[in-house]
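S.K.: What would the 3D arrangement of this be:
(one chain, ligands or ions: 1)
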Amino acid sequence: MDINVEKINSLKGEIEIPADKSITHRAFMFSALTKGKCRITNFSQGEDCISTLKIIEQLGCDIIRENEKELIIDAKNAIKAPCVPLNCGNSGTTTRLISGILAGQNFNSKLFGDESLSKRPMKRVIAPLELMGANFIHNDFRLPIEIKGSILKGIDYISPLASAQVKSCLLLAGLNAEGITSFTEPYKSRNHTELMFEYMGADIKDEGNRVSVKKSRLHPVDITICGDISSAAFFITAALIVPNSDIIIKNVGINETRSGILDVYKSMNADIELLNERIVSNEKVADIRVKYSDLKSTVIEGSLIPRLIDEIPVISVAATQAEGTTVIKNAQDLRNKEADRITAVRTELNKIGADIEETEDGLIIQGKTKLTGNAECECYHDHRIAMSEYVAGLISESPIRIKEFQWVNISFPEFLNLFEQIYLY
Ligand code: S3P
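M.R.: Reported below is the predicted structural model:
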């Protein structure tokens, strides 16, 4: 589905953002390990999370859909050997986290995915899991892979990457491994696994960049999932750059390990206010008020990167409207996402009038530039690139065309409907 996006006058009103994708994956997978019943309220309906849900069903969970927003996962018969190879679709999180669960089982399993996922690196989880005693059959560390169930032992792993996917994979393997499994990363990545493990009674010690878990059982709980700040990011950015905007985004997760975008925008002079802060199922949540702002440039690097890794494409759009030069560094791993997001951002935003230079590990963005539009943008089968282009289209002088916009369904099928609720033409 190709779409046209045109300039709008302002964004006004209130919206509620759908559930967090990272937390939904975890709620589904961790529930599968409880041997009991968990009620999950407000889960992500994106294709990635549905891939995870189907996999836990194939591993023996009964899924009872209570209504559109609520389901019960009954894990009394889970987890058991799947009858078929497991399809991870487009989802790196599904692949990497489920590998940690499957590696320590007494059965074998196979994982495969779509074309984009089959190109993404899995060595980052296969290598440390092998150190724990896991057994894989693979071709150059890419999907499809076969996992031979093995007895695992804990390791003390020092990761060269700050990665919540690798960390979560090892902590999940650690639940079922002899001794203690520790993971140390250069900077703290998102800590939803740590918080949910704590909430479900695992024996976990979180010391910031180092986290350890002992062999333990997860207990069944009810989980209510907050809105996804990575989805809110598109609305926050749009309101900052479309003149006269003033919106409230309700029920957004503001966990510190995810909210780097708010800190960066505040340092860029953004008018952003947090309202009604609260804790829901062990996660911090707030409503966010955002008004059009006169943005200044900034530097984004080091420990900030894992706190906003998925938001860099849309922050780049904001940077084109900020006075001065914005520099993004230490973001090399952006090249290993659903697409090479460094090249994608530079190529596609420059097509519509931005002035962006690509470096090996980031971007240099000049502002303030007029986005001229009047071009056809590719999204490289990447949902976040498609949605970032859409936000750029809202301030482009002439309309832009985005090809294959259906890729947004990976994380955010409600995207266009929600934008339509707050437009003023
Ligand atoms: C995720 C972690 C991040 C992020 C991805 C979701 C998670 O990946 O980019 O969209 O849910 O753990 P890395 O851990 O590879 O940085």
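S.K.: Can you report how many residues neighbour residue 65?
M.R.: When neighbours are defined as other Cβ atoms under 10 Å, residue 65 has 9 of them. Backbone N, C-alpha and C define where each C-beta goes, glycine included.
S.K.: Look at it and tell me its secondary structure.
M.R.: For residue 65, the assignment made with DSSP: H, G, I helix; E, B strand; the rest coil gives strand.
S.K.: what about it, distance to residue 39?
M.R.: Per Cβ to Cβ, to the nearest Å, residue 65 is found 12 Å from residue 39.
S.K.: quick one, helices of this structure?
M.R.: Along the chain, the stretches classed as helices by DSSP state H are 21-31, 47-58, 92-102, 123-131, 164-175, 192-199, 229-241, 260-267, 304-308, 312-319, 341-351, 383-393, 415-422.
S.K.: in the first one, what counts as buried?
M.R.: Within helix 21-31, the residues that qualify as buried by neighbour count (16 or more other Cβ atoms under 10 Å) are 21, 22, 23, 24, 25, 26, 27, 28, 29, 30, 31.
S.K.: same deal with the last one?
M.R.: Burial within helix 415-422, assessed by neighbour count using 16+ other Cβ under 10 Å, is assigned to 415, 418, 419, 422.
S.K.: Stretch 97-109 too?
M.R.: Going by neighbour count (16+ other Cβ under 10 Å), the buried part of stretch 97-109 is 97, 98, 99, 100, 101, 102, 103, 104, 105, 109.
S.K.: Kindly report the same for stretch 136-146.
M.R.: In stretch 136-146, counting by 16+ other Cβ under 10 Å, buried: 136, 142, 143, 144, 145.
S.K.: show me what contacts the second one?
M.R.: Contact criterion Cβ atoms under 8 Å, 6 or more residues apart in numbering gives 118, 119, 120, 121, 122 as the residues in contact with residue 142.
S.K.: rerun at 7 Å
M.R.: 118, 119, 122 (Cβ atoms under 7 Å, 6 or more residues apart in numbering).
S.K.: What residues does the stretch 1-150 of the chain have near the ligand?
M.R.: Counting by Cβ under 6 Å from any ligand atom, the stretch 1-150 of the chain comes close to the ligand at 22, 25, 93.
S.K.: just curious, which of those residues is nearest to the ligand?
M.R.: Checking those against the ligand with Cβ to the nearest ligand atom, the nearest one is residue 22 at 3.3 Å.
S.K.: Identify the residue nearest the closest one in space, chain neighbours excluded?
M.R.: residue 192 (5.3 Å; Cβ to Cβ, 6 or more residues apart in numbering).
S.K.: ranking the contacts of residue 142 by neighbours, who comes first?
M.R.: residue 122 (24 neighbours).
S.K.: any idea how far residue 97 is from that one?
M.R.: For residue 122, the distance to residue 97 (Cβ to Cβ) stands at 12 Å.
S.K.: Over to residue 66?
M.R.: Between residue 66 and residue 97 the computed distance is 25 Å (Cβ to Cβ).
S.K.: can you list the weak-confidence ranges in the stretch 301-425 of the chain?
M.R.: Across the stretch 301-425 of the chain, the ranges flagged by pLDDT under 70 are 425.
S.K.: go again using 80 as the cut-off
M.R.: Flagging of the stretch 301-425 of the chain using pLDDT under 80 yields the residue ranges 424-425.
S.K.: can you check the stretch 51-200 of the chain too?
M.R.: Within the stretch 51-200 of the chain, no range satisfies pLDDT under 80.
S.K.: which one of the buried residues of stretch 97-109 is nearest residue 331?
M.R.: Using Cβ to Cβ, residue 97 is the member of these that lies nearest residue 331, at 22.4 Å.
S.K.: these two touch, right, the closest one and residue 172?
M.R.: Yes: with contact defined as Cβ atoms under 7 Å, residue 97 counts as touching residue 172 (6.2 Å).
S.K.: what is in contact with these two at once?
M.R.: With contacts defined as Cβ under 7 Å, 6+ apart, no residue is shared by residue 97 and residue 172.
S.K.: still on that earlier bit, could you export the buried residues of stretch 136-146 as TSV, including distance to residue 327?
M.R.: Below are those laid out as TSV (distance: Cβ to Cβ, whole Å):
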residue	distance to residue 327
136	39
142	33
143	34
144	39
145	37
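S.K.: From these, which land in strands?
M.R.: Cross-referencing the buried residues of stretch 136-146 against strands under DSSP state E gives 136, 142, 143, 144, 145.
S.K.: For the second one, list each beta-bridge partner.
M.R.: Applying DSSP bridges to residue 142 gives these bridge partners: residue 139.
S.K.: if I look at it, how far off is residue 196?
M.R.: 29 Å.
S.K.: cool, the first one as well?
M.R.: Distance, residue 136 to residue 196, using Cβ to Cβ: 26 Å.
S.K.: repeat for the fourth one
M.R.: The span separating residue 144 from residue 196 equals 28 Å under the rule Cβ to Cβ.
S.K.: just the third one next, same as before
M.R.: To residue 196, residue 143 is 26 Å away according to Cβ to Cβ.
S.K.: Could you give the bridge partners of residue 288?
M.R.: Going by DSSP bridges, residue 288 forms beta bridges with residue 249, residue 274.
S.K.: which ones are touching it?
M.R.: By Cβ under 7 Å, 6+ apart, residue 288 lies in contact with 232, 236, 249, 252, 272, 274.
S.K.: which of those are buried?
M.R.: Buried members of these, scored by 16+ other Cβ under 10 Å, are 232, 236, 249, 252, 272.
S.K.: Residue 182 reaches residue 213, doesn't it?
M.R.: No: at 8.1 Å, residue 182 does not count as touching residue 213 under the criterion of Cβ under 7 Å.
S.K.: For these two, indicate the residue with more neighbours.
M.R.: Comparing residue 182 with residue 213 by other Cβ under 10 Å, the one with more neighbours is residue 213, at 25 against 19.
S.K.: quick one: stretch 116-132 to chain centroid distance?
M.R.: 18 Å (Cα atoms, centre = their mean, to the nearest Å).
S.K.: same check, this time on stretch 265-282
M.R.: Counting by Cα atoms, centre = their mean, stretch 265-282 is centred 19 Å from the centre of its parent chain.
S.K.: Which residues in that stretch does the neighbour count mark as buried?
M.R.: Buried, per 16+ other Cβ under 10 Å, within stretch 265-282: 265, 268, 270, 271, 272, 281, 282.
S.K.: before we move on, back to that, return the closest of the buried ones among the contacts of residue 288 with respect to the ligand.
M.R.: For these, the closest approach to the ligand (Cβ to the nearest ligand atom) belongs to residue 232, at 14.5 Å.
S.K.: who are the neighbours in contact with that closest one?
M.R.: Remark: with contacts taken as Cβ under 7 Å, 6+ apart, residue 232 is in contact with 17, 249, 252, 288.
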